[in-house]
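Student: Need coordinates for the following:
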Amino acid sequence: MHISYQILIVFVLYSVLMLYIGFYFYRKNETTEDYFLGDRSMGPVISALSAGASDMSGWLLMGLPGALYVGGLVNSHIAIGLTIGAFINWSLVAKRLRVYTSVIANSITIPDYFETRFSDDKHILRLISAIVILIFFTFYVSSGLVSGAKLFEATFGVQYSYALIVGTCIIVTYTFLGGYKAVCWTDLIQGLLMMGALVAVPCMMLYHLGGFSASFESIASVKPENLAFLKGTSFVAVISSLAWGFGYFGQPHILVRFMSIRSIQEIPKATAIGIGWMGISLLGSCLIGLLGVAYVAKFHLSLADPEKIFIHMSATLFNPWVSGVLLSAILAAVMSTASSQLLVSSSTIAEDFYAKVFNKEAPVQTVMLVSRASVLAVACVAFFISMDRNASVLKIVSYAWAGFGASFGTVILFSLFWERMTRLGAIMGMIFGASTVILYDKFGKSFLDIYEIVPGFIASSIAIVVFSLLSSVRPGTKDAFNQMLREIQKG
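Tutor: Purely as a prediction, here's the structure:
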């Protein structure tokens, strides 16, 4: 694809803006709470759009439209599952997690919360959860870098290795300098950019296709099976798609947004904004893939890679300046997720390993220095993993999403709603959840081909209940749980 200088200028300006935000917040981080949670001062708009942007990544503008283009409406079940999961997460988890991690105990990471919730003075939960985060997120960041590099390569004609270096440097720089506030403010911009692109592109497609009626008539004549919502898929396949919603309860880079919001009174507003953004964005993404069938057929276009339907439409339907903005939306999606995951990974090394286990007397500035060094370390490992352009990005993301959902998600839910849960229950829930995800993917799918998060979530939940009932509750944990309930009633 020929790239005009206008598109390159827009992209460069966008990248400079992201870096400026990182430099702006560099001197505003005086404590680890500033760097990792933005001093718990994030408003509802920033919290909601940051959670959405850090969650959705490049799959929203490439993977999902491509899936709808190939398989039609049957592939929209994953969007439904994600929307339901996100709504339940905001409605049930956000308020309780915010109260417990600020009022009951000053926890600034998820492992921090687990340790204080279960009075784990041996740091077992902290170490297990920190290792899980570090392993999964290193590969998760790698998948983002691979996606970004391939996008640079396809959109701007840059060689893969150079594209990987450029994308990595931009993401690492503003995460390294600005910390959580920089990530959240860039997420706000990127979230608005993503939603705007996902509204503009399908609207322009509909204009050129002659409206909804003409578009769907064209789809029905070319690929009628793409208009079937359930036909052609099994009950197990539908459950697997909907089950992606379970993953939300255990994603550290999303949960930390709940911990940083300014007050629990603003959570309902943030919920409405976040779910509204998500609904509009997912609908637009699905429409691009669905309408792409009609557009390609009507104008006799060639589309070798279905996942590039958004790129193709952005470059075809708009002038170069607007195309540059729209194409930057894909980069925004990739960058927002990778930067959030880098920050969580660095907080795991600095806070959960260094400051809380190895050097409890470390001064704040030293912890922040270790954190920034950790951003570079994790990014370097992820970079070398990303050098393999044939790496299975989808498989890595699927494992990470299922692993976090089955190991952390169940522990988060039970810990916030069941006062009888114990430290042993939490430990075994994490172990059973993560192990089941890995083992079921390798051996279980030959018996029942269902997404591994389903058996993982069930196994983890059973382990939590059984081992909690077999062990005693640590002193003070019930009192803290009841204090959380009283604080919520006050709010």
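
Student: S347 is in what secondary structure piece?
Tutor: helix 320-347 (DSSP states H and E).

Student: in that helix, what's buried?
Tutor: For helix 320-347, burial by neighbour count (16 or more other C-beta atoms under 10 Å) applies to 320, 322-347. Where C-beta positions appear, they are placed from N, C-alpha and C, glycine not excepted.

Student: what do you get for stretch 286-294?
Tutor: For stretch 286-294, by 16+ other C-beta under 10 Å, it's C286, L287, I288, G289, L290, L291, G292, V293, A294.

Student: and the residues you listed as a markdown table, adding secondary structure?
Tutor: Below are these laid out as a markdown table (DSSP: H, G, I helix; E, B strand; the rest coil):
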| residue | secondary structure |
| --- | --- |
| C286 | helix |
| L287 | helix |
| I288 | helix |
| G289 | helix |
| L290 | helix |
| L291 | helix |
| G292 | helix |
| V293 | helix |
| A294 | helix |
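
Student: between those residues, which is nearest V375?
Tutor: Closest approach to V375 among these (C-beta to C-beta): I288, at 33.6 Å.

Student: and whichever strand or helix holds T83, what's its mean pLDDT?
Tutor: According to DSSP H and E, T83 maps onto helix 77-88. The pLDDT scores in helix 77-88 average 93.

Student: Distance from the helix or strand following that helix to the middle of the chain?
Tutor: Next in sequence after helix 77-88, counting helices and strands by DSSP H and E, comes helix 94-99. In terms of C-alpha atoms, centre = their mean, to the nearest Å, the centre of helix 94-99 is found 19 Å from the chain centre.

Student: ok, and what's touching helix 94-99?
Tutor: With contacts defined as C-beta atoms under 8 Å, 6 or more residues apart in numbering, helix 94-99 is touched by 113, 255, 258-259, 261, 264, 267, 270-271, 412, 416-417, 484, 487-488, 491.

Student: ok, so of these, who is nearest T168?
Tutor: Out of the contacts of helix 94-99, the member with the shortest distance to T168 (by C-beta to C-beta) is L255, at 25.4 Å.

Student: that older thread, I'd like the buried residues of stretch 286-294 as TSV, with pLDDT and distance to A51 appended.
Tutor: Formatted as TSV, those follow (pLDDT from 0 to 100; distance: C-beta to C-beta, whole Å):
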residue	pLDDT	distance to A51
C286	94	21
L287	95	23
I288	95	23
G289	93	24
L290	94	26
L291	94	28
G292	93	28
V293	92	32
A294	93	33
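
Student: Same list, those residues, but as CSV with distance to L206 please.
Tutor: As requested, those are exported to CSV (distance: C-beta to C-beta, whole Å):
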residue, distance to L206
C286, 13
L287, 8
I288, 11
G289, 14
L290, 11
L291, 7
G292, 12
V293, 13
A294, 10
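
Student: Pull the most distant pair out of those residues.
Tutor: The widest separation within the buried residues of stretch 286-294 (C-beta to C-beta) is 13.8 Å, between C286 and A294.
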